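Engineer: fold the following for me, if possible:
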Amino acid sequence: MTKELNIKHEGSKFTVEHCEGAIESFEEALISVTPHNKKSSIKRAIIQLIERLADGKQMSKENFPQEGQLPKSNGKFNAFKKLPIRAYCWLSSKHPNTYFISHYTYKDKQKLDQRDIDKVHANWRDKED
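Structural biologist: Have a look, this model is predicted:
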């Protein structure tokens, strides 16, 4: 039985919370994954990455790189990477020990897309401003 993505995951060190619409964006991104039998392994890997982060375990730069700047020079946001899916997130400065996952996207290239930056910034403003 495959685990499901939860709105909020409480680990031993951090809470990882999905912004509104983030889980739906994961399901949309997963539609583009081929072959179809790869979908469950990607979902499992993303859940494992969330659990590792929530438990404060070290994350590799390959699977959790810094991706871009947050608004108002409030640091950077990261991406969970399980190619071809990415999840963009940041460590909150307003909510103690909480990472927010902005959204997921299907990504077949390395370059950060301006639409993803804009979406992270909008979700950051919703949670942090």
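Engineer: make it CA atoms for all contacts and neighbour counts henceforth
Structural biologist: Noted.
Engineer: longest strand in this protein, by residue count?
Structural biologist: Longest strand in the chain, counting residues (DSSP state E): strand 98-106.
Engineer: which elements pack onto that strand?
Structural biologist: Here strand 98-106 touches strand 15-18, helix 22-31, strand 85-91, helix 114-128, going by 3 or more CA pairs under 8 Å, 6 or more residues apart in numbering; DSSP states H and E.
Engineer: who does that strand pair up with?
Structural biologist: Strand 98-106 has these partner strands in its sheet, going by DSSP bridges: strand 15-18 (parallel), strand 85-91 (antiparallel).
Engineer: pLDDT averaged over the shortest one - what is it?
Structural biologist: Along strand 15-18, the predicted local confidence has a mean pLDDT of 98.
Engineer: would a markdown table of the strands paired with strand 98-106 with mean neighbour count and distance to residue 38 be doable?
Structural biologist: Listed next are those as a markdown table, based on neighbours: other CA atoms under 10 Å; distance: least, CA to CA, whole Å:
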| stretch | mean neighbour count | distance to residue 38 |
| --- | --- | --- |
| strand 15-18 | 22 | 23 |
| strand 85-91 | 23 | 11 |
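Engineer: export these to JSON lines and tack on distance to residue 62?
Structural biologist: Output for the strands paired with strand 98-106, formatted as JSON lines (distance: least, CA to CA, whole Å):
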{"stretch": "strand 15-18", "distance to residue 62": "20"}
{"stretch": "strand 85-91", "distance to residue 62": "12"}
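Engineer: quick check on residue 96: phi, psi?
Structural biologist: Dihedral angles of residue 96 (phi, psi; degrees, to the nearest 10) stand at phi -60, psi 140.
Engineer: about what we covered before: tell me the angle the longest strand of the chain makes with helix 114-128.
Structural biologist: 160 degrees (axes from the mean of the first three to the mean of the last three CA atoms, to 10 degrees).
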